[in-house]
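>>> Give the three-dimensional model of this entry:
(chains A and B)
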Amino acid sequence: NAGVTQTPKFRVLKTGQSMTLLCAQDMNHEYMYWYRQDPGMGLRLIHYSVGEGTTAKGEVPDGYNVSRLKKQNFLLGLESAAPSQTSVYFCASRRDTGVSGANVLTFGAGSRLTVL
Amino acid sequence: GESVGLHLPTLSVQEGDNSIINCAYSNSASDYFIWYKQESGKGPQFIIDIRSNMDKRQGQRVTVLLNKTVKHLSLQIAATQPGDSAVYFCAENMGGGFKTIFGAGTRLFVKA
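Residues are numbered from 1 along each chain as shown, chains lettered A, B, ... in the order given. Modelled structure (predicted):
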C-alpha cells in the first residue's frame, strides 16, 4: 500500500516552461488536494477535487491548472512557470466521511520545484 | 520558551518537559480542527483532531484544547522526546468540510 505518490520529486524549470506534477493515490479516496509550501511557511491550498471529473479553486489558484480524469490521479499543471512558483508542492487525499466524520488528509512526500 | 523567529515561531524545550504549541484560527464557522506534524523532508502527518462541540481531546501523550470564544487551539505534548522535533501545524475545515486550511506552523526543538 503506497498511499500518496508524487512524481517527480525534484524538477528545475526555466521561466516560461511548462510542466505537470502527478499525484497518485491507491486508497480509493474521493477527495484530492494540491498545496504549496514556501520556506518557513505553512501550506497554502492551490486547487482541490471532490471527485472524478470535478475541480475547484483554493487559496492561491492563479498560474496553475488541474485535472482529475481518474479517481486515483490528480494532476497539477504549470503552463508558463514563473520564479514565484518555486516551492515544494504537496498532494494530499482523504475519504469522504460526511460532515461529521474525520477529515484527515494523507500527504505525499512532496515535489520540489525550482524555476530559474 | 516561545519566540518568533525570522519565519516560523519556534519553541525550544528540554527533553522530558511538556510542550504547548498555540494556534489562532480565522473562521468562527469552522467546525473541525486538526493538528499535523511535519518532519524535515516529509509531508505532514496527522496527530489529533477535535470537533467544535468539544473543548478537549486526549490522545497518546498529546492533548488538544479548543477555545471557541477566542478562536484558539493548543496542542500539549507530554514528556517531550527528541523524536517530537518537527514543525506543527494546526488546520481548520471550512467550506462545507471540503477545504482544509493550514496555519503558519510552529517549529519545536527538543534539547537532549
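>>> wait, isn't A:L43 in contact with B:F102?
Yes - between A:L43 and B:F102 there is a contact under C-beta atoms under 8 Å: 4.4 Å. Every residue, glycine included, has its C-beta placed from N, CA and C.
>>> Tell me which of the two has more neighbours.
Higher neighbour count among A:L43 and B:F102: A:L43, with 30 against 23, using other C-beta atoms under 10 Å in any protein chain shown.
>>> ok, the longest strand seen in chain B: who's next to it in the sheet?
Determined from DSSP state E, the single longest strand within chain B is strand B:86-94. Using DSSP bridges, the strands paired with strand B:86-94 are strand B:32-38 (antiparallel), strand B:99-102 (antiparallel), strand B:106-111 (antiparallel).
>>> in stretch B:9-16, what counts as buried?
Buried residues in stretch B:9-16, counted by 16 or more other C-beta atoms under 10 Å in any protein chain shown: B:9-11, B:13.
>>> so does it get close to chain A?
No - judged by C-beta under 8 Å from any C-beta of the partner chain, stretch B:9-16 stays clear of chain A, getting no closer than 10.1 Å.
>>> now that stretch: how far from the chain's centre is it?
Chain-centre distance of stretch B:9-16: 14 Å, with C-alpha atoms, centre = their mean, to the nearest Å.
>>> Do me a favour and average the pLDDT over it.
The pLDDT scores in stretch B:9-16 average 94.
>>> got the contact list for it?
B:1-4, B:19-21, B:79-82, B:104-112 (C-beta atoms under 8 Å, 6 or more residues apart in numbering or on different chains).
>>> mind exporting it as CSV, just the C-alpha atoms?
Provided in CSV are the C-alpha atoms of stretch B:9-16 (Å, rounded to 0.1, in the frame of the first residue of the first chain):
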residue,chain,number,x,y,z
PRO,B,9,7.6,30.7,15.5
THR,B,10,10.0,28.5,17.4
LEU,B,11,9.6,26.6,20.7
SER,B,12,12.6,25.1,22.4
VAL,B,13,12.0,22.6,25.2
GLN,B,14,14.1,20.3,27.3
GLU,B,15,13.6,16.5,26.8
GLY,B,16,11.1,15.3,29.3
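>>> just to revisit the earlier point, in helices only, show me the buried residues of stretch B:9-16.
Per DSSP state H, helices hold no members of those.
>>> Can you flag which of these belong to strands?
Using DSSP E, the members of the buried residues of stretch B:9-16 that fall in strands are B:9-11, B:13.
>>> Leaving out the residues flanking it, which one is nearest to residue 54?
No chain was given, so I picked chain A. Residue nearest to A:T54 in three dimensions, not counting chain neighbours: A:R68, with 6.6 Å by C-beta to C-beta, 6 or more residues apart in numbering or on different chains.
>>> think we crossed wires, I meant chain B
Nearest one to B:M54, counting by C-beta to C-beta, 6+ apart, is B:L66 at 6.6 Å.
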